[in-house]
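Novice: okay, predicted coordinates and the sequence, questions at the end:
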Amino acid sequence: MKSRGLVFLGPPASGKGTQGRRLAEENGLAYLSTGALLRRALRDDTELGKLARPFLDCGEYVPDDVMIPMVLEWLGKQDNGWLLDGFPRTVLQAEALDEALEFTPQAIVLHVPDDELRRRVACRLECEDCHRVAREGEGKQCPKCDGRLAPRADDVSANFENRLSEYRRLVIPTITYYCDLLCARIVNGTGSPDEVYARVRG
Ligand code: ADP
């Protein structure tokens, strides 16, 4: 597991999925969104879905001992570059990742003020099949796979506020971990998706 890697961190609705997916596509990187993977498991009612449902239903993070082996298994199958969206989210996850990789990946951190996050989450749509976040004006059908574009079940206000407080409690220390190792790049995540992407690409 020595291949090149990037991790994306940021609060809910900061644009991790939109930016991470595009950066991965344009650079031929394998892409994993842990949130999308969990939502698919919930929809398909798999063992993982059954285990994760109580956490996702109330906006809590899924325990490290579930997330870490799942992501390391996926990484073990990657021979080339990769990008993780939504992992790590805790210092323990970041440490486990470094240990498995034997290096610290570059972290891109999207920064967006809380009010803007609340505004975004109130109107965001996601494809139920491929989990791509919809762009403004795309209607009800995913232009990539024809799936239905719908609000995410976890984007209701109480759930979102819980995810925001989990972010402060667990992800902020993870960002500090990457900053201390000089492996973090903080990116202003406000503006149009194209404007943010220009900053992400650097
Ligand atoms: P958001 O960033 O808007 O919360 P995600 O799709 O990235 O959306 O994640 C949705 C949910 O999936 C999280 O709130 C959490 O419950 C769970 N999840 C995703 N990644 C992780 C992780 N690395 N550790 C723990 N829980 C996770």
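Specialist: Arrived safely, thanks for sending.
Novice: residue of this structure nearest the ligand, please.
Specialist: Checking the chain residue by residue against the ligand with C-beta to the nearest ligand atom singles out residue 35 as nearest, at 1.8 Å. Quick note: C-beta positions are derived from backbone N, CA and C, even for glycine.
Novice: what about that residue, which SS state?
Specialist: helix (DSSP: H, G, I helix; E, B strand; the rest coil).
Novice: which bits of the protein sit near the ligand?
Specialist: Counting by C-beta under 6 Å from any ligand atom, the residues of the chain close to the ligand are 12-13, 34-36, 38, 55-56, 59, 61-62, 67, 86-89, 93, 163.
Novice: give the closest residue to the residue of the chain closest to the ligand in space, chain neighbours not counted.
Specialist: residue 86 (4.8 Å; C-beta to C-beta, 6 or more residues apart in numbering).
Novice: residue 34 is in contact with that neighbour, correct?
Specialist: Yes: because the distance of 4.2 Å satisfies C-beta atoms under 8 Å, residue 86 is recorded as touching residue 34.
Novice: look at those two and report which has more neighbours.
Specialist: residue 86 (24 against 19; other C-beta atoms under 10 Å).
Novice: can you pull the contacts of the residue lying farthest from the centre of the chain?
Specialist: The outermost residue of the chain, judged against the average C-alpha position, is residue 139 (23.6 Å), by C-alpha atoms, centre = their mean. By C-beta atoms under 8 Å, 6 or more residues apart in numbering, the contact list for residue 139 reads residue 149.
Novice: the same query, at a cut-off of 6 Å, please.
Specialist: Contacts for residue 139 (C-beta atoms under 6 Å, 6 or more residues apart in numbering) come out as none.
Novice: I'd assumed it was in a strand, is it?
Specialist: No: using three-state DSSP, the assignment for residue 139 is coil, not a strand.
Novice: any idea of the pLDDT on it?
Specialist: Listed pLDDT for residue 139 reads 85.
Novice: please apply the same query to the one 4 residues further on.
Specialist: On pLDDT, residue 143 comes in at 89.
Novice: just the terminal-to-terminal distance for stretch 138-158.
Specialist: End-to-end span of stretch 138-158 (C-alpha to C-alpha, to the nearest Å): 27 Å.
Novice: oh, I was asking about stretch 151-165
Specialist: 21 Å.
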